[in-house]
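# Please find the sequence and the predicted model below.
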Amino acid sequence: MLLFSYGTLQDARVQLATFGRRLDGTSDTLTGYRVTTIRIHDPAVLATSGLAEHLALVVDPDAPPIAGTVLTLTPEEVAAADRYEGDTYRRVAVALASGRHAFVYVLATTA
């Protein structure tokens, strides 16, 4: 399964803690969303990422393209990513600038 990452899932520490391995990826871009910053309160996520603020996407058709990395995950790894992202984010299907289709995590209140 393809997952477009624009934030902490690109980080090697987060990948190792969440998936038990570093992931290979390719660059791509996403349109139709803008990046915002949110405060994280989940102690497990804080311990994994080391960051109290994370990026989140909200729908905005006029926003500039967002650069990120397309990661290839197994179904089990997608489930692990869902647990890591928690209730703050929702996974949605998107079309990327390359024409590939992938999942991406967006702010749950905007999905």
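Nice, I can see it. Numbering: from 1, shown residues only.
# And the helix or strand of the chain with the lowest mean pLDDT, what's buried?
Scoring the helices and strands of the chain by mean pLDDT, DSSP states H and E places helix 43-49 at the bottom, with a mean of 73. Within helix 43-49, the residues scored as buried using 16 or more other CB atoms under 10 Å are 45, 48-49. In this view, the C-beta of every residue, glycine as well, is placed from N, C-alpha and C.
# Output those residues as JSON lines; include the columns distance to Glu76.
Shown next, in JSON lines, are these (distance: CB to CB, whole Å):
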{"residue": "Val45", "distance to Glu76": "19"}
{"residue": "Thr48", "distance to Glu76": "17"}
{"residue": "Ser49", "distance to Glu76": "21"}
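# Name the residues of stretch 80-98 that are buried.
80-81, 84-85, 88-89, 91, 94, 96.
# In strands, which of the residues you listed fall?
Among those, the residues falling in strands (DSSP state E) are 89, 91, 94.
# Kindly state the beta-bridge partners for the second one.
According to DSSP bridges, Tyr105 are recorded as the beta-bridge partners of Arg91.
# From Leu2, how far off is it?
Here Arg91 is placed at a distance of 12 Å from Leu2 (CB to CB, to the nearest Å).
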